[in-house]
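sequence plus the predicted model coming up.
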Amino acid sequence: MKFFDTHIHSTFSPDSRASIEQYAVAANHKGLAAIAITDHLDIDAPLRECDKENLFLFDPIERDKEIDRVKEIYGTTILKGIEVGLQPHCLEEIKEFTQRHKFDSVIASLHFIDREDPYFGDYYIGKSARQAYGHAYEVMYRTAVEYGDFDILGHFDYIARYAPYPVKDITYREYSDAIDPLLRFLAQEGKALEINTKTYREHNGYTPTLDTDIIKRFKELGGECISLGSDSHEDTRLAENFEKFAAIVKNCGFSRLVYFKERKPQFYNID
């Protein structure tokens with residue numbers, strides 16, 4: 001089947017190594033239906049001193065000019081998106097930014113918690129998995145509801161990627177009280193739950209497992225929108241493991257996946 005990769009970072013994001021042109025070539029080679037370039041907007045990111053120049057901001061006008069140029073050359077369908085990083089003190093500034101520009105999709109993601117970046121590990125210090133994960137979902141739910149102006153909730157399981165615990169997996173059985181409010185909100189508001197295939201790669205010697213009970217519970221609550229995103233920062237990872245996770249989604253009772261165009265959901269069948 002022809003997939004839509006809805007979560008991709010180009011060199012307009014400071015942590016990406018792939019140009020939009022490289023993604024277009026890779027998308028055509030892999031036979032994708034479309035890709036969405038969703039570069040980072042993380043206002044007031046808690047960066048390390050050595051990263052102070054690598055601000056997670058970009059100019060959508062310049063980025064979209066490059067998308068248009070590449071589309072004309074390669075004929076690739078490229079959607080114009082953004083991934084916003086939710087932090088309680090930045091929500092109004094984020095909303096003002098996204099309303100000032102036109103996007104096909106807005107991904108809302110939790111990258112930083114209490115102004116700490118889990119990627120560097122400090123967030124987990126002194127916390128059990130229950131404490132670290134539970135608080136992350138509390139912040140994710142609160143900021144997602146308050147912000148509201150998004151289409152896709154990005155990598156709901158991001159907190160598991162860089163965790164130092166022997167078992168990193170997030171299961172519905174263990175965290176249902178923390179996850180349920182978030183799933184219910186997404187279902188009621190018609191927003192997409194993203195399966196981010198980057199989470200299910202090896203990180204620090206451990207490969208997290210997607211708990212299908214979370215996907216099934218989303219459907220029970222009335223959720224209809226599931227998107228697949230590779231979270232690629234290099235063109236070699238485009239649509240990584242999409243066949244595998246599309247099959248998992250189908251086994252959970254969904255017959256369709258979703259992408260967004262002009263902020264409206266577009267469904268396509270899982271073959």
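Sure, I can see it.

what about Ala144, how many neighbours?
Neighbourhood size, Ala144 [other CB atoms under 10 Å]: 23. Where C-beta positions appear, they are placed from N, C-alpha and C, glycine not excepted.

what comes up buried for whatever helix or strand it lives in?
According to DSSP states H and E, Ala144 maps onto helix 129-147. Using 16 or more other CB atoms under 10 Å as the test for burial, helix 129-147 gives 129, 132-137, 139-141, 143-144, 147.

of all these, which two lie farthest apart?
By the measure CB to CB, those have their two most distant members at Ala129 and Tyr147, which lie 26.3 Å apart.

low-confidence ranges in the stretch 1-150 of the chain?
47-54 (pLDDT under 70).

what residues are up against the nearest residue to Met140 once chain neighbours are set aside?
Among residues not flanking Met140 along the chain, Leu110 sits closest, at 4.5 Å (CB to CB, 6 or more residues apart in numbering). Leu110 is in contact with Gly85, Leu86, Ala136, Val139, Met140, Thr143, Tyr158, Ile159, counting by CB atoms under 8 Å, 6 or more residues apart in numbering.

so can I have TSV of these showing distance to Lys198?
Putting these into TSV (distance: CB to CB, whole Å) gives the following:
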residue	distance to Lys198
Gly85	16
Leu86	18
Ala136	17
Val139	21
Met140	17
Thr143	21
Tyr158	9
Ile159	13
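
any chance you could map the strands in this protein?
4-8, 34-41, 78-85, 105-109, 152-153, 192-196, 226-229, 256-261, 264-269 (DSSP state E).

sorry, back to before: so which elements touch the helix holding Ala144?
helix 91-100, strand 105-109, helix 158-161, helix 172-189 (3 or more CB pairs under 8 Å, 6 or more residues apart in numbering; DSSP states H and E).

contacts for it, please.
Here helix 129-147 has contacts from 84, 86-88, 91, 94-95, 108, 110, 113-114, 118, 123-124, 127, 150, 153, 156, 159-160, 163, 165, 167-168, 170, 174-175, 178-179, 181-182, 185-186, using CB under 8 Å, 6+ apart.

mind listing what the nearest residue to Glu116 once chain neighbours are set aside touches?
Once flanking residues are discounted, Glu116 sits nearest to Tyr123: 4.2 Å by CB to CB, 6+ apart. By CB under 8 Å, 6+ apart, Tyr123 lies in contact with Ile113, Asp114, Glu116, Asp117, Ala132.

so the fourth one makes contact with Tyr124?
No: counting by CB atoms under 8 Å, Asp117 stays clear of Tyr124, with 11.0 Å between them.

check contacts around the residue located most distally from the centre of the chain.
In the chain, the residue that sits farthest from the middle, by CA atoms, centre = their mean, is Ile73; the gap is 27.7 Å. With contacts defined as CB under 8 Å, 6+ apart, the neighbours of Ile73 are Glu21, Ala24.

one more: Glu116?
Contacts of Glu116 (CB under 8 Å, 6+ apart): Pro46, Asp122, Tyr123.

and which of those residues is nearest to Ser19?
Among those, and counting by CB to CB, the member closest to Ser19 is Pro46, at 27.6 Å.

can you tell me how far that closest one sits from Pro118?
11 Å (CB to CB, to the nearest Å).

more neighbours, the two?
Each of Pro46 and Pro118 has its neighbours counted (other CB under 10 Å); Pro118 has more, 21 against 16.

what pLDDT does the model give the closest residue to the more buried one other than its chain neighbours?
With CB to CB, 6+ apart as the criterion, Pro118 has its nearest non-adjacent residue at 5.2 Å, and that residue is Tyr162. On the pLDDT scale, Tyr162 is placed at 91.

what about Glu174, how many neighbours?
Glu174 sits with 16 neighbouring residues when counted by other CB under 10 Å.

quick one: the residue nearest to Pro118 and Asn204 touch, right?
Yes: with contact defined as CB under 8 Å, Tyr162 and Asn204 form a contacting pair (7.1 Å).

who has more neighbours out of the two?
More neighbours surround Tyr162 than the other of Tyr162 and Asn204, with 16 against 10 (other CB under 10 Å).

quick one: contacts for the more buried one?
Pro118, Tyr119, Gly121, His203, Asn204.
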